[in-house]
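Engineer: The following comprises the amino acid sequence and a computationally predicted model.
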Amino acid sequence: MIPNLFSHENEIIEPILNRIGEVLQTKDRFKLCLSGGTSILKTLELFSKKKIPWEKIQIYQTDERIVSLNSEESNFYWIKKLLENTGTTFNPFYNGFDVQESMQFYVHYLKQNCYDENCTFDLILLGFGEDGHIASLFPGNENLKSVDEILYIQERQNGYQRLSLSLSQLKASSCTFIISYGKKKYRVLMGKSDLNLPINQFIKDQANVTWYHKR
């Protein structure tokens, strides 16, 4: 896969805005799914300052650590910090106290404003780890094969239990922008890594995926 090289996050904002404008010509809601990590947050901070119809944007998370909503280790903490004054719609993946209740709620939330039975996202902004993990789907885990929408990752990954969208749910996206930094991540997607890594399994047979990599 060949990347679009960028030197500043501003270069990713215009394609995001173009995608939003394109979708809102035919839909009244735009479903934007965000992964965690600094790669996405840098872009989200700039994006949050743009004048767009935020009331039509519905935000989803790819995954979340099982931590307090006030923890800086929470992906939702940063989404709220950046977007709470925009007027967009977002809800925490993990509610801060009950895993099963959180999963039930988020399945319902995924199905809000669906335009097809697969509940596709209009855009995912997706980062990935140097080990090739996406969301909370790590290499070697059998959960990559799950057909459920949401997974509870009970085995601690990098110190945390987690909730995650499944690979099949992540693939239910009509457009994906992959954003990465650094030489190690560059090599992962330039074909010099295990094709069974989660990021490579996501890309496999997936339409409309664009890769942006920091120079």
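Structural biologist: Happy to help now that I have it.

Engineer: Tell me who's in contact with W54.
Structural biologist: T86, G87, T88 (Cβ atoms under 8 Å, 6 or more residues apart in numbering). Yep, even glycine has a C-beta here, placed from its N, CA and C like the rest.

Engineer: low-scoring stretches of this protein, by residue?
Structural biologist: Applying pLDDT under 70 to the chain flags the ranges 113, 115-118, 192-193.

Engineer: I'd like to know which elements the strand ranked longest in the chain is packed against.
Structural biologist: As assigned by DSSP state E, the longest strand anywhere in the chain is strand 150-157. Counting contacts by 3 or more Cβ pairs under 8 Å, 6 or more residues apart in numbering; DSSP states H and E, strand 150-157 is packed against helix 99-110, strand 160-165.

Engineer: Can I get it in CSV? Just the C-alpha atoms.
Structural biologist: Taking C-alpha atoms only, strand 150-157 is exported to CSV below (Å, rounded to 0.1, in the frame of the first residue of the first chain):
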residue,chain,number,x,y,z
ILE,A,150,-18.4,-5.5,20.1
LEU,A,151,-15.8,-7.5,22.0
TYR,A,152,-14.8,-7.5,25.6
ILE,A,153,-11.0,-8.0,25.7
GLN,A,154,-10.6,-9.5,29.2
GLU,A,155,-6.9,-10.4,28.8
ARG,A,156,-5.0,-7.3,29.6
GLN,A,157,-3.4,-5.7,26.6
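
Engineer: Any idea how far that strand is from the middle of the chain?
Structural biologist: 17 Å (Cα atoms, centre = their mean, to the nearest Å).

Engineer: for stretch 96-112, same thing?
Structural biologist: Taking mean C-alpha positions (Cα atoms, centre = their mean), stretch 96-112 and its chain are 17 Å apart.

Engineer: contacting residues around that stretch?
Structural biologist: 58, 60, 66, 68-69, 91-95, 119, 149-150, 152, 163, 169.

Engineer: Try it again at 10 Å.
Structural biologist: Here stretch 96-112 makes contact (Cβ atoms under 10 Å, 6 or more residues apart in numbering) with 29, 31, 33, 58, 60-61, 64, 66-71, 74, 76, 89-95, 117, 119, 121, 148-152, 154, 161-163, 165, 169, 172.

Engineer: gap between the closest residue to S146 other than its chain neighbours and D194?
Structural biologist: Nearest non-adjacent residue to S146, counting by Cβ to Cβ, 6 or more residues apart in numbering: S166, 4.8 Å away. Here S166 is placed at a distance of 20 Å from D194 (Cβ to Cβ, to the nearest Å).

Engineer: With that, I have no additional questions.
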